[in-house]
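Enquirer: Just to be clear, the model below is a prediction. Sequence and coordinates:
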Amino acid sequence: MNHAILLNNRPKGMPQIDDFKFVEEDMPAIRKGEVLLKTSYVSVDPYLRSKMNDAKSYTAPFELNKPMYSGIIAEVVESRHSGFEVGEFVSGMLEWKVYQASDGRGLNKVDVGRAPLSSYLGVLGMTGLTAFLGLSEIGKPKGGETVVVSGAAGAVGSVAGQIAKIMGCRVVGIAGSDEKCSMLSSDYGFDEAINYKTSKNMRKAIAAACPDGVDVYFDNVGGEISDAVLVKINQFARIVVCGAISVYNATSLPQSLSVQPFLVKNSALMQGFIVTDFEASFPQALAQLSQWLKEDKLKYSETVVEGFDQVPRAFMDLFEGKNTGKMLVKV
């Protein structure tokens, strides 16, 4: 029998285990022009939380009693498709199933010999693309500028901070534990790191870490942390809005500073984005990320959970900060 994970309920606040449904189903049989895929790694990401709501977003919400889906690395275990051979590995947006049939659309082959399989869901996948393109297309950091990254020990944040360092910037990371802050400095080369959970006054902490103000803010969290950074932005600052994990589980509209006065008086830019906005630049971005990885200029960390049945738990753990770097499930 095959195994799948469906959306059982639309969560109210933090997702709970009963918002997911584990089901068994018959093994898929493939037709001509299709391949049978076996899941190797499942990516769980904060943005999936918004797709669990029945609300307008940049993509359609998950359907109740239908499989959830995300970035997945899978092995071709049977093929009736001329473009794929048994034993090849592919990445794509696939359903949360152990086995599934595909007609090949949306699948990208991954080179097992170039980098570990899991990296194609992280630094050489949407994670790396999001960090690189958010910075290069919106943040446009210049050498000597100060870049602040929230959620800096997470998958995107840790890569974004390192890229800013490669570009010659002074980088300040915000994370949720002393261990993570230490890692930002020792492993990733951040110049300063702030533990938002122990800092009694985030505005003062940011002012101390950024004596020359903030030129680029790569925002992964939103909420009070971002309000505190906003107070310190410089003239012509660029605020890259990548995510808002601090408010994804809110059951009412969050209260925050009015951003307009800060943007107007500083002639600052604040822009949200999704990585597919810059899809035309994916090949060049991946080539640059691969080169930096090869040159050991980029490092990455992963939190890997074992077992297909642990996918919902790994997803929920994101919102408690239990991951360092990319959160993955190995099947």
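Expert: Arrived safely, thanks for sending.

Enquirer: who are the neighbours in contact with the residue nearest to P254 when sequence neighbours are not counted?
Expert: Closest residue to P254 apart from its sequence neighbours, by Cβ to Cβ, 6 or more residues apart in numbering: V247 at 4.7 Å. C-betas here are computed from N, CA, C, even on glycine. Shown here is V247, whose contacts under the criterion Cβ atoms under 8 Å, 6 or more residues apart in numbering are G222, G223, P254.

Enquirer: and what of A29?
Expert: A101.

Enquirer: Lowest-confidence one in the contacts of V247?
Expert: Model confidence across those bottoms out at P254, which has 74.

Enquirer: ok, now which ones touch that residue?
Expert: Contacts here follow Cβ under 8 Å, 6+ apart; on that basis P254 touches G222, G223, V247.

Enquirer: Equivalent analysis for C169, please.
Expert: P141, K142, G143, G144, E145, T146, V147, D215, V216.

Enquirer: and S40, that's in a strand?
Expert: Yes. For S40, which was evaluated using DSSP: H, G, I helix; E, B strand; the rest coil, the result is membership in a strand.

Enquirer: Tell me where the longest strand sits in this structure.
Expert: Ordering each strand of the chain by length in residues (DSSP state E) puts strand 69-79 first.

Enquirer: That one: partners in the sheet, and parallel or antiparallel?
Expert: For strand 69-79, sheet partners with direction are given as strand 35-43 (antiparallel), strand 89-95 (antiparallel), following DSSP bridges.

Enquirer: Turn these into TSV, including distance to L298, mean pLDDT and mean neighbour count.
Expert: Formatted as TSV, the strands paired with strand 69-79 follow (distance: least, Cβ to Cβ, whole Å; pLDDT from 0 to 100; neighbours: other Cβ atoms under 10 Å):
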stretch	distance to L298	mean pLDDT	mean neighbour count
strand 35-43	18	98	23
strand 89-95	19	97	19
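
Enquirer: Now render those strands as TSV, adding distance to N65.
Expert: Rendered in TSV, the data for these read as follows (distance: least, Cβ to Cβ, whole Å):
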stretch	distance to N65
strand 35-43	20
strand 89-95	13
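
Enquirer: just checking, which of the contacts of C169 belong to strands?
Expert: Short answer: the contacts of C169 in strands (DSSP E) are T146, V147, D215, V216.

Enquirer: Quick check: S150 vs D219, distance?
Expert: Look at S150 and D219: by Cβ to Cβ, to the nearest Å, they are 6 Å apart.

Enquirer: W292 is in what secondary structure piece?
Expert: W292 is part of helix 282-294, with elements assigned from DSSP states H and E.

Enquirer: So which bits of that helix are buried?
Expert: Within helix 282-294, the residues that count as buried by 16 or more other Cβ atoms under 10 Å are F282, A285, L286, Q288, L289, S290, W292, L293.

Enquirer: if we can go back for a sec, distance to I163 and secondary structure for the contacts of P254 - can I get that in CSV?
Expert: Shown next, in CSV, are the contacts of P254 (distance: Cβ to Cβ, whole Å; DSSP: H, G, I helix; E, B strand; the rest coil):
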residue, distance to I163, secondary structure
G222, 21, coil
G223, 24, helix
V247, 26, helix
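
Enquirer: what's the closest of the residues you listed to G176?
Expert: Of all the contacts of P254, G176 sits closest to G223, with 12.6 Å by Cβ to Cβ.

Enquirer: Can you give me every residue that contacts that closest one?
Expert: With contacts taken as Cβ under 8 Å, 6+ apart, G223 has the following neighbours: A244, S246, V247, P254, S256.

Enquirer: The fourth one should be in a strand, yeah?
Expert: No. P254 sits outside any strand when classified using three-state DSSP, being coil.

Enquirer: still on that earlier bit, next SSE after the helix holding W292?
Expert: Read in the C-terminal direction, the helix or strand following helix 282-294 is strand 302-306, with elements assigned using DSSP H and E.

Enquirer: In this structure A74 contacts L37, no?
Expert: Yes. The pair A74 / L37 is scored as a contact, 3.9 Å apart, by Cβ atoms under 8 Å.

Enquirer: Tell me the residues that contact both of the two, please.
Expert: Here A74 and L37 share the contacting residues V90, L94, Q100, scored by Cβ under 8 Å, 6+ apart.

Enquirer: what's the closest of those residues to N266?
Expert: Relative to N266, the closest of these is L94; by Cβ to Cβ it sits at 43.0 Å.

Enquirer: okay, stretch 151-168 in PDB with CA atoms only?
Expert: Output of stretch 151-168 as PDB, limited to C-alpha atoms (Å, rounded to 0.1, in the frame of the first residue of the first chain):
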ATOM      1  CA  GLY A 151      15.200  34.600  11.000                       C
ATOM      2  CA  ALA A 152      18.900  34.500  10.300                       C
ATOM      3  CA  ALA A 153      19.500  30.900  11.400                       C
ATOM      4  CA  GLY A 154      16.800  29.600   9.200                       C
ATOM      5  CA  ALA A 155      17.200  28.200   5.700                       C
ATOM      6  CA  VAL A 156      16.800  31.400   3.700                       C
ATOM      7  CA  GLY A 157      18.200  33.800   6.300                       C
ATOM      8  CA  SER A 158      21.500  31.900   6.800                       C
ATOM      9  CA  VAL A 159      22.100  31.900   3.000                       C
ATOM     10  CA  ALA A 160      21.000  35.600   2.600                       C
ATOM     11  CA  GLY A 161      23.500  36.700   5.300                       C
ATOM     12  CA  GLN A 162      26.400  34.800   3.700                       C
ATOM     13  CA  ILE A 163      25.600  36.300   0.300                       C
ATOM     14  CA  ALA A 164      25.600  39.800   1.800                       C
ATOM     15  CA  LYS A 165      29.000  39.100   3.300                       C
ATOM     16  CA  ILE A 166      30.300  37.900  -0.100                       C
ATOM     17  CA  MET A 167      29.100  41.200  -1.500                       C
ATOM     18  CA  GLY A 168      31.200  43.100   1.000                       C
END
